[in-house]
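Student: Any chance you could fold what I've pasted below:
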Amino acid sequence: MKLLLHICCAPCSVACVQSLRAEGLEPTGYWFNPNIHPIGEYRLRRDTLVAYAAQIGLPLLLQDEYALRPFLASVAGEPAARCDVCYAARMRQTARYAAEHGFTHFTSTLFISPYQRHERLRAAAEQAAAEFGVQFLYRDFRPLFRDGQEQAAALGLYRQKYCGCIYSDEERHVRAYRQKPGAPAALQTEEEAAALRAQAAPALQAAGQRFEAQRLAWLAARTGGGIPPDVT
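Tutor: Residues are numbered from 1 along each chain as shown. Below is the predicted model of the structure:
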């Protein structure tokens, strides 16, 4: 197995990498998080991961795009659906990169967070795997969340106070973010969860394609001089 591990941030990667290595798997890290705002926060999370990956000998690939404009353009009409765009954008690009660069499987450190919409995230990953012809390695890392965060604190890693996008930053300032419930260990049976993922898949695919169209337009504008190049 050649595994590409999408990494949202260094603290979330700690227990995930340990768990995968305990299985005998040696992942390659992959940074693609165009939703993170503002640029100072983006750089801090990226650079913390770069330093930590070097410390633990984790190969790391950076797709270094601070893509605030295409992300906002994709969610502006329906901010409540922003998580679908975020999940689909990151999972589709990870699956695409894995398929194009010889990886057999992919997964993500996002699956350690009890604050994510776990089944919709899983649906996005499964849809992306089917679309790009690569295997999605599902692991529910949530039971490792607390231990991973404690290790990250002991290591002195920067730990962010919100999920990443401008909307989650807004939520924390109005205290709604802190009131979001963590996901229980089991919300439903696996059959019910599979049905929910199947139901969510078309919307997630559309969300990912919407972001991709905005991202390609943005990249073209950068190449043509329409956007200042110093955005990373």
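
Student: all strands in the chain, in order from the N-terminus.
Tutor: Under the criterion DSSP state E, strands of the chain are mapped to 3-6, 28-31, 60-62, 105-108, 135-136.

Student: quick one: strands adjacent to the second one?
Tutor: The strands beside strand 28-31 in its sheet (DSSP bridges) come out as strand 3-6 (parallel), strand 60-62 (parallel).

Student: hang on, the earlier thing: ok, which of the strands of the chain comes nearest residue 12?
Tutor: Closest of those to residue 12 is strand 105-108, at 9.1 Å (criterion: CB to CB). C-betas here are computed from N, CA, C, even on glycine.

Student: Pull up the pairing partners for the closest one, direction included.
Tutor: For strand 105-108, pairing defined by DSSP bridges yields strand 3-6 (parallel), strand 135-136 (parallel).

Student: can you pull out the helices in this protein?
Tutor: Remark: helices assigned in the chain by DSSP state H are 10-22, 39-56, 68-75, 82-100, 118-132, 145-155, 166-173, 190-223.

Student: What are the buried residues along the longest one?
Tutor: So that's helix 190-223. Residues of helix 190-223 classed as buried by neighbour count (16 or more other CB atoms under 10 Å): 193, 196-197, 200-201, 203-205, 207-208, 210-212, 214-215, 218, 222.

Student: what about the residue lying closest to residue 86 once chain neighbours are set aside, how many neighbours?
Tutor: Nearest non-adjacent residue to residue 86, counting by CB to CB, 6 or more residues apart in numbering: residue 35, 4.9 Å away. Look at residue 35: counted by other CB atoms under 10 Å, it has 29 neighbours.

Student: For residue 35, which residues are in contact?
Tutor: Contact partners of residue 35, counting by CB atoms under 8 Å, 6 or more residues apart in numbering, are 67, 71, 85, 86, 89, 90, 164, 165.

Student: Quick one, grab the pLDDT at it.
Tutor: With respect to pLDDT, residue 35 scores 89.

Student: And the one 10 residues further on, by the same measure?
Tutor: At residue 45, the pLDDT value in this model is 95.
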